[in-house]
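In: sequence first, predicted coordinates after that:
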Amino acid sequence: MSTTVLDSIIDGVRADLDTRRAATPLARIRDLAAETTAQRPAADVCARLDGRDTVGLIAEIKRSSPSKGALADIPEPADLARSYEAAGATAISVLTEQRRFGGSLHDLDRVRTAVDIPLLRKDFTVEEYQIYEARAHGADIVLLIVAALTDAQLAEHLQLTHELGMRALVEAHSADELERALATDARLIGVNARNLKTLDLDLDGAAALLPTIPGDRFAIGESAVLKKAHVETYARHGADAVLVGEALVTDGDPEATARDFLSVPAQTDERRNR
Ligand SMILES: O=C(O)c1ccccc1NCC(=O)[C@H](O)[C@H](O)COP(=O)(O)O
């Protein structure tokens with residue numbers, strides 16, 4: 001079987017995870033997660049998504065990507081995070097994968113010190129260790145990518161996420177993956193326009209899957225938003241929020257662009273009965 005982009009990203013993630021685990025064993029990271037929760041319980045992003053008239057925004061801190069290479073320097077992620085919060089972002093996504101995205105847990109720490117809104121640790125979660133780690137570093141949400149996990153792993157990771165008081169964004173790319181995502185009890189369901197195996201983008205294809213997400217879940221349109229019209233496409237198909245990286249980090253005025261995206265009306269009628 002040929003190796004996909006996602007497979008090779010995950011190989012690197014596992015190698016880096018082994019290094020961190022050697023320095024901070026599981027028992028210690030569990031304790032650190034509990035200490036963080038004692039000081040600051042996880043914030044619930046669902047409360048910020050509920051009942052909105054306009055589309056929510058998960059604004060991403062993204063330095064580089066496998067598809068585009070270097071995007072932005074971002075010398076101080078806390079500054080960018082403050083701009084996102086000032087714009088009214090619903091949550092901030094902090095990419096912590098190092099090899100392909102130039103992120104780190106240090107970025108998550110810096111952002112946590114700067115803002116109060118919910119933080120998504122955006123990484124390729126393959127082991128429970130990373131979920132404890134996310135909480136230890138102040139994240140409120142973790143990403144669970146359906147394509148990277150078996151159904152059993154998805155269920156176990158989701159259960160631990162909930163035990164730690166966090167939410168999971170369960171991400172699908174195709175109708176089959178969406179079916180698997182909806183079989184879980186996750187409240188945040190993302191449809192990613194980027195095929196993580198080939199890196200092809202298909203905004204319309206992703207948007208077309210959103211109407212199948214029932215109203216008791218929050219539907220998140222992920223990737224491929226470069227302008228307001230793209231947010232409108234996701235919104236027309238029932239997105240409660242969009243997750244945007246490139247358009248914000250490459251923009252000279254991320255706060256103004258985030259405000260612009262946040263002004264798009266949400267489709268409120270039949271998605272309201274949560
Ligand atoms: O961004 C990539 O090239 C990428 C490649 C392989 C796996 C994941 C990738 N991105 C993660 C994301 O899902 C995006 O960072 C996020 O949805 C924002 O996307 P965009 O607004 O298109 O930068």
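Out: Perfect, thanks for sending it.
In: could you use CA atoms for every contact and neighbour count after this?
Out: OK.
In: let me see the mean pLDDT of stretch 29-39.
Out: Stretch 29-39 carries an average pLDDT of 98.
In: quick one: buried residues of that stretch?
Out: For stretch 29-39, the neighbour count (16 or more other C-alpha atoms under 10 Å) marks 29-30, 32-34, 36-37 as buried.
In: show me what contacts the residue of the stretch 1-150 of the chain found nearest the ligand?
Out: In the stretch 1-150 of the chain, the residue that lies nearest the ligand is Ser67 (3.8 Å; C-alpha to the nearest ligand atom). Applying C-alpha atoms under 8 Å, 6 or more residues apart in numbering, one finds that Ser67 lies in contact with Leu199.
In: on the three-state scheme, it is what?
Out: Per DSSP: H, G, I helix; E, B strand; the rest coil, the secondary structure class of Ser67 is coil.
In: again, but for the one 5 residues further on
Out: Look at Ala72: counting by three-state DSSP, its state is coil.
In: who's in contact with it?
Out: Per C-alpha under 8 Å, 6+ apart, neighbours of Ala72: 62-64, 249-250.
In: contacts only, for Leu262.
Out: Residues counted as contacts of Leu262 (C-alpha under 8 Å, 6+ apart) are 54-57, 88-89.
In: over to Leu108?
Out: Applying C-alpha under 8 Å, 6+ apart, the residues near Leu108 are 94, 96, 121, 137-139.
In: those residues: which two are farthest apart?
Out: The distance between the two most remote of those (C-alpha to C-alpha) is 12.7 Å, for Thr96 and Gly138.
In: so between these two, which is more surrounded?
Out: Using other C-alpha atoms under 10 Å as the criterion, Thr96 and Gly138 rank with Gly138 on top: 27 against 23.
In: per-residue confidence for the more buried one?
Out: The per-residue pLDDT reported for Gly138 equals 98.
In: equivalent analysis for Asn273, please.
Out: If you check Asn273, the pLDDT there is 45.
In: show me what the helix or strand hosting Ile29 packs onto, helices and strands only.
Out: Taking DSSP states H and E as the definition, one finds Ile29 inside helix 26-39. With contacts taken as 3 or more C-alpha pairs under 8 Å, 6 or more residues apart in numbering; DSSP states H and E, helix 26-39 sits against helix 128-136.
In: what's the helix it packs on packed up against?
Out: With contacts defined as 3+ C-alpha pairs under 8 Å, 6+ apart, helix 128-136 has these neighbours: helix 26-39, helix 151-163.
In: ok, residues contacting the longest one?
Out: Spelled out, it's helix 26-39. 129, 132-138, 164.
In: next one: the last one
Out: Defining contact as C-alpha under 8 Å, 6+ apart, one finds that helix 151-163 is touched by 127-128, 131, 142, 144, 146, 167-168, 180, 184, 186.
In: circling back: with pLDDT as new columns, can the contacts of Ala72 be given to me in a markdown table?
Out: Formatted as a markdown table, these follow (pLDDT from 0 to 100):
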| residue | pLDDT |
| --- | --- |
| Lys62 | 98 |
| Arg63 | 98 |
| Ser64 | 97 |
| Val249 | 98 |
| Thr250 | 97 |
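In: which one of those residues sits in the busiest neighbourhood?
Out: Neighbour counts for these (other C-alpha under 10 Å) peak at Lys62, which has 27 neighbours.
In: what's near enough to touch that residue?
Out: Contacts of Lys62 by C-alpha under 8 Å, 6+ apart are 71-72, 94-95, 101-103, 245-246, 249.
In: which parts of the protein sit against the ligand?
Out: 65-67, 196, 199, 222-225, 243-246 (C-alpha under 6 Å from any ligand atom).
In: give me that answer again for 5 Å
Out: Listed as neighbours of the ligand in the chain under the rule C-alpha under 5 Å from any ligand atom: 65-67, 196, 222-224, 244-246.
In: tell me the least confident of the residues you listed?
Out: Ranked by pLDDT, the residues of the chain next to the ligand bottom out at Leu196 (88).
In: tally of neighbours for the residue nearest to Ile145 when sequence neighbours are not counted?
Out: Distances taken as C-alpha to C-alpha, 6 or more residues apart in numbering place Glu171 nearest to Ile145, at 4.8 Å, with adjacent residues excluded. A count of neighbours around Glu171, defined by other C-alpha under 10 Å, yields 24.
In: Glu171 pairs with what?
Out: Ile145, Gly190 (DSSP bridges).
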